[in-house]
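Asks: Structure for this input, please:
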Amino acid sequence: MKQNIKYEDAVHRLEDIVTRMENNELDIDMLSEQLKTAQQLIKLCKDKLIKTDAEIKKLLGKGASAPKC
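Replies: Residues are numbered from 1 along each chain as shown. Model prediction:
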């Protein structure tokens, strides 16, 4: 799975997989494939959230140490 997929696109794909599972639209072979895809999408989303959280903390940390005018 490509890492440059946007977070929102990954979430939408996950939502689509869940909807299809809930509606029993997947046969057993597709279910297995879609579950693997869902696992990859979840990892990708988690990694993006962790990276973004670290960047925000870094930016806020820099802002807190900046001299006040």
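
Asks: From the chain's centroid, how far away is the helix or strand that Leu35 is a member of?
Replies: Leu35 belongs to helix 28-65 when assigned by DSSP states H and E. Mean C-alpha position of helix 28-65 versus that of the full chain (CA atoms, centre = their mean, to the nearest Å) differs by 4 Å.

Asks: Could you do stretch 20-40 as well?
Replies: That offset, for stretch 20-40, works out to 17 Å (CA atoms, centre = their mean).

Asks: Find the centremost residue of this structure, please.
Replies: Cys45 (1.6 Å; CA atoms, centre = their mean).

Asks: Show me the shaky parts of the protein.
Replies: 1-3, 63-69 (pLDDT under 70).

Asks: hmm, back to that, same for the helix holding Leu35, what does it pack against?
Replies: Secondary-structure packing of helix 28-65 (3 or more CB pairs under 8 Å, 6 or more residues apart in numbering; DSSP states H and E): helix 7-22. To be clear about C-beta, it is placed using only N, CA and C from the backbone, and glycine gets the same treatment.

Asks: in the helix it packs on, what counts as buried?
Replies: 10, 13-14, 17 (16 or more other CB atoms under 10 Å).

Asks: Tell me the spacing between the residue nearest to Lys48 when sequence neighbours are not counted and Thr52.
Replies: Using CB to CB, 6 or more residues apart in numbering and skipping residues adjacent in sequence, the residue nearest Lys48 is Tyr7, 5.0 Å away. Going from Tyr7 to Thr52 by CB to CB, to the nearest Å gives 8 Å.

Asks: re the thing from before, nearest to Gly61 among the buried residues of helix 7-22?
Replies: Ala10 (27.7 Å; CB to CB).

Asks: Quick check: that closest one touching Lys43?
Replies: No. Applying CB atoms under 8 Å as the test, Ala10 and Lys43 come out as separate, 9.7 Å apart.

Asks: didn't the residue nearest to Lys48 look like it was pressed against Asp47?
Replies: No. The pair Tyr7 / Asp47 is not scored as a contact, 9.9 Å apart, by CB under 8 Å.

Asks: ok, Leu31 - contacts?
Replies: By CB atoms under 8 Å, 6 or more residues apart in numbering, the residues touching Leu31 are Met21.
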